[in-house]
Every structure is written in C-alpha cells, then in structure tokens.
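Undergrad: Show me the folded form of this:
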Amino acid sequence: MIKLKGMGYVLDIYTVAFFGHRYIDNPLKVEALLEEQIRKLINEKEYVDFLVGRNGEFDQCASSTVLRVQKNVRDDNNGLVLVLPYPTADYLNNEESFHNYYTDVEISYAASKAHPKSAIQIRNREMVDRADLIICYIEHEKGGAWQTVEYALKQQKQVINIYNQNNI
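TA: This next block holds a predicted model:
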C-alpha cells in the first residue's frame, strides 16, 4: 500500500496485479469471478491501481472486466495500468489507442534493457514487488504465470487464484 501525501491529505493506494495463463477455456466464467473480486476491491479500498500485462487471454479478461466494473460501478477510485516489458510494435504504432484504453501505460526500464526472452518475467516480478494482492488464474503448475505466482508466494504476497473458485 502506497500512501501519497498532498495538501494535508494521505491517499492509500492499494495495488493489485493480474497474472494468468495465455489460453483459458471459459473466458465468461473467468470474467464473472474477476468481476466479483474487482467490485469488492473498489468498494472497500480508498484507491486501487490494477496492474495488467497484455500477453494472453487472461490479461485481456482482466482488463475488460476492470473497464466494465469502472463503467457500471465506479471509476473515480481506481485505475487500469498496462505494464509493458518493452515498447512493443503494437504499442508504438497505436500509442493513442493504448492511452485511451488504459488509465496509464508504463514500460519497465529493467525489462526493456534485458534479453526479450527474460523481459516478461522481469516485468512480472516488478509487478509482484509493487502489489499488495495478486489475482491469478493458474490451472497447472507450469509456464510463466505459474512461475510468477510462485515468486509472489515466496515474497509473502496475498494471492487469490480464481481458478480454484467454483472449479472453472
């Protein structure tokens, strides 16, 4: 939790990072479970930063669900932040669209200087280090998302695996 001070006021920023498999079998079910968690967070926390990548179906489900909840519940106490490992061609060619879709777009400095094969994992670890809570969709113990959640658990981060809810 980050506290920002300004003009005698302290804003508590609660940070949530999303991680999940590139491919998911039931996106609608995943979005319903995500929506439940996101609604709860924006109703309970003063301000929530939702950190997301853009590397697969789960990331897209997380992003679209945050935007839907912002539209239907409230958008004044939360933001959707895209964290890229490096400036992708898609981002560079569509920068305005990205900034219209996300509240903010960040590029990991450390990941952008690393070999592309390790950049995503470096970016993911930075997101974990910033986060108060990890919301994930981990169905099997392999792959980059699983490695990231294992890292989060070693860092003693709170982790909610929505795959375990209602056995998707």
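
Undergrad: Helix or strand for A111, just tell me which one.
TA: helix 109-112 (DSSP states H and E).

Undergrad: quick one: that helix to chain centroid distance?
TA: Computed by C-alpha atoms, centre = their mean, to the nearest Å, the chain-centroid distance of helix 109-112 equals 18 Å.

Undergrad: What is that helix packed up against?
TA: Under the contact criterion of 3 or more C-beta pairs under 8 Å, 6 or more residues apart in numbering; DSSP states H and E, helix 109-112 touches helix 116-130. Just so you know, the C-beta spots here come from the backbone N, C-alpha and C atoms, and that holds for glycine as well.

Undergrad: neighbouring contacts of the helix or strand following the helix it packs on?
TA: Downstream of helix 116-130, the next assigned helix or strand under DSSP H and E is strand 133-137. Residues from elsewhere that reach strand 133-137 (C-beta atoms under 8 Å, 6 or more residues apart in numbering): 14-21, 24, 30, 34, 37, 41, 58, 61-62, 128, 145, 148-149, 152, 157-163, 168.

Undergrad: cutoff 6 Å now
TA: 16-20, 30, 37, 58, 149, 152, 157-163 (C-beta atoms under 6 Å, 6 or more residues apart in numbering).
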